[in-house]
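Undergrad: Dropping a prediction and its sequence here:
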Amino acid sequence: MTISDQELLKLQMECTVFFENNPYAYETAKGLSKKLGRGVEPLQIVLNRLAAISILEKRGEGNMAIYSYKTPYTQSEVEIH
Amino acid sequence: MIEKSWAMDVKKTVEEIQHTYAEFTNLSILIVDSEGRPLVKPSAYHPFFKKLVEADGDTRERFWQEVRHYAGLTRPALCDLWLPGVKFIIAPFQSPARDAVYYVLAGVLIQSGTKDLLEEEVAGSGLYDEGRKLLYDLVLEAEELSDEEAEVWREKIGKLAETAERILRSAYRETYVRDRIADLRGILSTARKERISVGDTFEQFMALSSAADVMGYAQKIAPGEYRIAQVAGEGASGLQDAEFREGEGFLGQAALSDNPMQWTDIQRDPRAFFLKQRGVGEFYGLRCFPVRVGGEQLGILFIVSKKKVQTDALLREFEDTLIVLVGEYIASGTIEARMERQIQRLRPLMEVTRFMISAQNTQRIMFMLVDMSLSLVWNPSSAIIVHESSNGQKVQIVSRGIANDFAEQYARDVAKRVLRESPNSHSVGFELSQTEEGQLMIEYPIVYAGKTRGVLAVSLGSEQEAEECREVLLALATMGSIILQSVHDQQQLGLQNERFLRLMYASAKLGEDDQGKKKDLSLRLLDEYARYGGITTEESVLLQRATMLSLLNDTAKRELSEAFAEELAVLKEHQAMLDTEGQTGTFSFSRYTQILRTVLYFAELDEETASRLHLTGVSPELFNHFRKFMAVRHTVQSEVVLSDGHTAAFNPAEAEERGIDAIVKEFGLSKREKEVLELVVRASSNKDIAAKLFISEHTVKNHLTNIFNKMSVSDRAQAIARVFNRGIG
Amino acid sequence: MQETGLIHDIVHTGVPGLDVLLNGGVPRGTTIILEGNPGTGKTTLGIQFLLEGARQYGESGIYITFEELPEQIYRDMSGFGWDLRELERQNKLRIICLEPDVLLDQMTRTDGLFEQLIREIDCKRVVIDSISLFRTLGVSENDGREQIYSIRNIMRKFDLTAFFLREYGETEGRSTPFENYVCDGIIRLSLREHLEKYRKRTIEILKMRGTHIVEGEHHYRFLKDGICILPALSMVEDKILNDGVDRLSTGIESLDELLLGGLPQGSAFMLDSNSKANYKYLMNSILAERLKRGDCVLFMLSGLSSVETLEQTLELFGSSLKEAALEERVFFIDHYHRKVEPEYEKLVIHVDRLSNEEYQKKVYEAINPHFRETILQGKRWFIHYDLNTIISERGREFVKRNFADEMARCRAAGITVLCQSNFTEIGLETSSFLERASNGVIRTWVDGSYQYLQITKSPGGRMSAPHIVDNIRDRPYVRLI
C-alpha cells in the first residue's frame, strides 16, 4: 500500500521534532521505527528526504545507514556595518 | 450497432416512408442489411418482397446471391437480377456509425417491349418451382417502363435511401450524444466520489470525444512556462512532461490567449512541430482551452484530431461542452489539490506547535522554524532566520542549505532593509525579494515584544511556489512570533528577578560586613575564573547568583525559591557537602557544588594560599586547577598593584597570551611548541595535551624537553612562572 | 597539576562505595563485565559510572544500548535527579541506541560514528548494554566472540574504560563464557530473597585485574540519588576516622594494602591470634616500623618478653630499641620487675605489687609529662597493649571496666593502640566486648597447615578476605597471599 503525501509529511515532522528533541541521537530507520512505532519503509523515505534537505546527516547505506541531526549553521555575531 | 440504430420508432418512420414510396412507384420495396436480412417489413402494396420473405430458404438465398453481385455500389443503380431484363433498383446507404451499408431494393422494372419475351424466358428457365412461380407472377404483373421512367424511379428510390440514412443518422446522433452525456456524468461523479486524479480520468474523457485522438493538459509551472502534466491517446506518451514557453508553437500561442482556440488543416504548419515531433505525428486539427480560476491561468487543455471528422452542430456542441467540463474539472481538481496540500501542511504544523511551545529557548525555536519551513516548502532548498542580537549592532542567524558567507551577506541586507528601516511595522504579510545572486526569497517578519525582531526567509524556485506555500509559511512565522514572545516574557521576568536578587544581596551585605566582603570576593573570583577559562560564563553566572543567595536569610530565599530553583539546589548540596567535611567515604557532588565549595573556601582564607591539599567531595583535579588559578591571580595582582598603583582589571588569560607571545618570540618556539606551551600553562597534563593535539604522549614529552631547553627552565612550574612574568612585564 | 602517571591511570567509578571495594577504582583502559539478572540495576550502575565520571572527574562517556529506548533511560534516570540531556548538551555524555550489527559496522569503519563521537566529546568511559545480544548476531558456533573480542580491542585502542553489561542467567550452567577471559573484570549484581521478607541486593567483584578488591558479597541499595554500595560490615559508628588521617605503616606492604595504607592514627586495633599462630612477626614488624619513624612507643611487657628479648627481635626488623631509649621515646610497663640495662632504667614503669588503682595512677603519672612534651614536638604515640598480660595480672573485671574508657582517651589524644589478645582464651563475652570497643580487628589463626590473616573489622567498614601468611627470608619475614 502506498502512503499518502500527507502521512509522509506528518511523519517527516515527527522525525524532525524527534531529532530536534534528541540532537545527539543516532538512529537507523529500523531503530527509529521501534521508537516512533512507525513502519520502516515510510521512515526510510522520510529520513532520506530529511537528509536530502540537510536536516539530517546520513552515514552508511541501506539498512546500515545511521541518521543524526545536523545542527543548522548559526552565527550570532554578524555585524550589520 | 444495428439494433441500436434501428430502434423501434426509427423503424416505424422508415417503414412509413417506404410504404409511401411503394404506393407512389407501384414497386415492391425492401430495405436490407449487407447480409440480406430485412430491416423493416416489406411494403404490402406490391406483394413480391412479402412473398420472397415468406419463401423457402433456397429461393431467398438464390435471390440474395443475385443482389450480392452488386455489393460495393455507392449510388442507386438499375440492376438486372435473375434474368437479363428483370431489373431492380438497388440504392445503398450508410449506417450512422458508418460501420455498415444498407440497401433499398425496389422492383421489378421491365423495359418496354420486353415483357412477352420475359414471360417465355421465365417459363422456360431452370428455376426451382417456388422461385419460378414468384418470378413469373412478378413479371406477369409488372408494367413496362420506358428508360426515362425507369430513370425517374431510380432517382426516387435513391431519395428513399438518402432519407432512410438521414432518419437513421439523426436518431443515432441523438442517442449518441445522450449516451455520451450520461457517460460523462458517470465519469465525473465516480471521479469525485472516489477522488480519482485528473490523470487517471483522461483516457475516459478522451473516449467520449469523437474528434479527439490525443488529449492533454499542460500545467503552468512558472510564469510563461508550461509542462504537459497529463496526456492520453495513441503515441502521446512522448508528450508527458514536455515543456514549452508562452508563444512557442500552437500550445504556446494558446497560452497567450484567454479564449479557446482552434486550428484545422495544419499539417504543414511549422507551429505543429512541437506536437508532431513528440510522437503525435501528422495531425489535422487542434483545439485548446485555457483552464482558469479567477484571474489565474492554471494551464491549457488541448485536443488533437488526426483526421478531419464530419460533424454536425449537435456533435460540435457536445465536443465544446466536453472540453469545457474537462477544463473545469481540472481547475477544480487543481484548486482542491492546492488546498489539500495547504491543509496537509497545516495539520502537522499544529502538532509541531506543541513542541515549539515546550522549547523555552530562543535558539531551539529558531532551529525548529528553519527545519519546519524547509519541510513545508514543496521544493526545499534553503531557509534562514535573521534575528537581532541583544546589542542591536549585530544580528544572529540560523540557516540551512545556504553557503555561510552568503547567509551572512543576506542577513546584513535583511537587517538593513527590514530590521532598521521598518522595525515598527507590525504587518504580518510576506515579502518577495530577489537576492543579488538572483535567488527568490519569501520573507516573513518575526514580530514580538512590540517590534520586528527577525525575519524568516525561505528560498523559492518561482513565484508560483510562493503562491502555494505562502499561507502555511505565514502560519509558521506567526506561530514562531507568538512563541518567541512568550520566551521573551519569561526572560524579562528572569531579569527582574535577578535585579531583585542583587538588591536583596546589597541590603543583606549592610548587616554582614565581613561576610559581605568575602561574598564579594567570591563573586569576583567566579567572574575571573570564568575569564581564565576554568568555568564557562553560564556556570560563573549561575554560581554568582548562588553566592548572592547564600547571604540571604531563609525567608528571602523562600521568596526567591521559584525563580532560582537551580541555584538554591546547588546551595543545598553545598550545605550537604559541608556537613560531610572530614568524613570518610566516597561522595558524589555536582561540579557546580564542587566549584562553589572551592571558591567559597578560598574566599574564606585570610592567606593567599590554601593550607589544605584537598576538600572532601571536591575532585583533586578541580581543586588543583583552582589553586593554580589563585596562585597566578595573586602574582599578577600584586605585580599590577606595584606598577599601576591601583587595582587594574585582572585578566590572567590576557597575561597568558601576552606572555606566550613574548616567549615564542624570545626563544624561537615552533608553532607546535607554542601550542604545547599554551596547554601547559592551562594546567593540562601530558595526556591531555596529547589528546588535544592528537599526538602521542611520548611526542609531548619530546616537545616539553625542547621547550624547557629553549627557555632554559627545568620543569613546567618554572615555565609557567616565566610565561606569567613575561605576560605582566 | 597531576604529574604522576600512576594515580592518573586509575579510573574512579564515582559510584558511592564501589571504589572502596575496588581499592580506589579500576585501571584505565580495562573492560569490565557487569552482570546480573533483569532488575538488578545494571543500567543504573552503568549510567552512574558515566554520570559520576562526568560530574566528579570531568570525564565524558558514551552509553550504547541495543534494547532500551533512550527516552526510557532519560525518564528512569531522572528519578534519581539525573539530567542526562543536560550532560549531553555539555558534551559530557552520549546515549546511543543502535542495532549491534550497525554499531559494529560503524566501529570498524575508519572515522566511523564511534571514532567521531570519541573525538567529539573526548570520551573516556563507555558502557555497552548489553553484550548478550552479540550472541544472536554471530555465526551460531562462535557465540559472537569475534564481535566482543574486537569491541574489547577497540576499547583498549582508545584507552576507554568500559562496562559491558550482560544478563546473568544466560551464562549459568554453561562453560565459562568466552568474554570472561578477554575482559579484565567481572562484577555481579544479585537479588535474592532474604528471610522471606526482604529482597537482598548484593554486589560481588568476581575478578579484577590490576587492583586489589574487597572480596565477598556486599549489599547495595537504590537511594534517591542512585546506587550506593555498603561494604560488608560497614557501620555508621565506625566512621569516626577521617579519610584525611595519617596512616601508620605496619611495615608489611601487603598488610598495609589491606588497611588502605596502614593503621589509622588515633585508632585502636586488636590483633587477635590463637596460641598456635605466630603473631610475633606481625607485632614486631609494626613496632619496629614505629620506632624507625621516630614515634614514641609504650610497650607492655609480657611474662615471656623482656626488654632484652624485645631489643633483639626489633634488631631483626632493623630498628634499634636502644637508640630510641636514648632519645627517650620508648617506655615499658613491666609487671614482673625484671632487671634492665642502664639505658632503659628510667624508662621502665614497674607495676608489680600494685593495686589496680595504684597501677593506673602510676602509669599515668609516669607517662603524662613525656607525652605532653613530645606532642609539642609533633611526635606521634603508639601503645602496644598486651591484653593477655593485663587480664592475667589485673583481672577480667579490670579490663571490662576500663578498656573502653582507655581506648577512647587514647583516640582523643591521637594515640594509636595495638592490642594483642587471644579471643578464644578470653572467652566469647569479653572478646565481643573488646571487639566492639576497638576500631579494627586483625585476626590471625592457624588452620591445618596454614596460618591465615583477615581483617574482620576496620574503621571504614572494610572486611578483607582471609589471606595466607607466608614466611619469607627477608624483612619483614612475612607476607600475605
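TA: Good, I have the coordinates.
Undergrad: Tell me where the stretch 251-400 of chain C is predicted with low confidence.
TA: Counting by pLDDT under 70, the stretch 251-400 of chain C shows low-confidence ranges at C:275-277, C:376.
Undergrad: And the strands in it?
TA: Under the criterion DSSP state E, counting those that start in this stretch, the stretch 251-400 of chain C contains strands at C:263-264, C:268-273, C:296-301, C:330-334, C:348-350, C:381-386.
Undergrad: what's the closest of those to chain B?
TA: Smallest distance to chain B across these (Cβ to the nearest Cβ): 9.2 Å, for strand C:263-264. (C-beta placed from N, C-alpha, C; glycine too.)
Undergrad: show me what contacts the residue nearest to residue B:510 when sequence neighbours are not counted?
TA: With sequence-adjacent residues excluded and distances taken as Cβ to Cβ, 6 or more residues apart in numbering or on different chains, residue B:510 is closest to residue B:516, at 7.7 Å. Listed by Cβ atoms under 8 Å, 6 or more residues apart in numbering or on different chains, the contact partners of residue B:516 are B:508, B:509, B:510, B:551.
Undergrad: cool, residue B:216 as well?
TA: By Cβ under 8 Å, 6+ apart, the contact set of residue B:216 is B:202, B:228, B:230, B:231, B:232, B:233, B:236, B:239, B:301, B:302, B:304.
Undergrad: Nearest to chain A among those?
TA: With Cβ to the nearest Cβ as the yardstick, the closest approach to chain A among those comes from residue B:230, at 18.0 Å.
Undergrad: Please name the bridge partners of that closest one.
TA: Taking DSSP bridges as the rule, residue B:230 bridges to residue B:217.
Undergrad: I figured residue C:390 hits residue C:399, correct?
TA: Yes - in this structure, residue C:390 sits in contact with residue C:399. The criterion is Cβ atoms under 8 Å, and the distance is 5.9 Å.
Undergrad: circling back: would you write a ChimeraX line that selects the buried entries of the contacts of residue B:516?
TA: Restricted to buried positions by 16 or more other Cβ atoms under 10 Å in any protein chain shown, the ChimeraX selection for the contacts of residue B:516 reads:
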select /B:508,509,551
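Undergrad: Show me the two of the contacts of residue B:516 that sit farthest apart.
TA: Using Cβ to Cβ, the contacts of residue B:516 reach their maximum pairwise distance at B:510 and B:551, which is 10.7 Å.
Undergrad: Count the neighbours of residue B:158 for me.
TA: Each residue near residue B:158 was counted by other Cβ atoms under 10 Å in any protein chain shown, and the total is 19.
Undergrad: Now do the same contact list for residue 25.
TA: Using chain A. By Cβ under 8 Å, 6+ apart, the residues touching residue A:25 are A:18, A:19, A:68, A:69, C:70, C:95, C:96, C:97.
Undergrad: that's the other chain; I wanted chain B
TA: Residues near residue B:25 by Cβ under 8 Å, 6+ apart: B:106, B:153, B:156, B:157.
Undergrad: before we move on, what about residue B:309?
TA: Residue B:309 sits next to B:210, B:211 when contact means Cβ under 8 Å, 6+ apart.
Undergrad: Show the pLDDT at residue 26.
TA: Assuming you mean chain A. The predicted structure scores residue A:26 at 89 on the pLDDT scale.
Undergrad: The intended chain is chain C.
TA: Looking at residue C:26, its pLDDT is 87.
Undergrad: Count the neighbours of the nearest residue to it once chain neighbours are set aside for me.
TA: When the adjacent residues along the chain are set aside, residue C:26 lies closest to residue C:11, with 5.4 Å between them (Cβ to Cβ, 6+ apart). Counted with other Cβ under 10 Å, residues neighbouring residue C:11 total 23.
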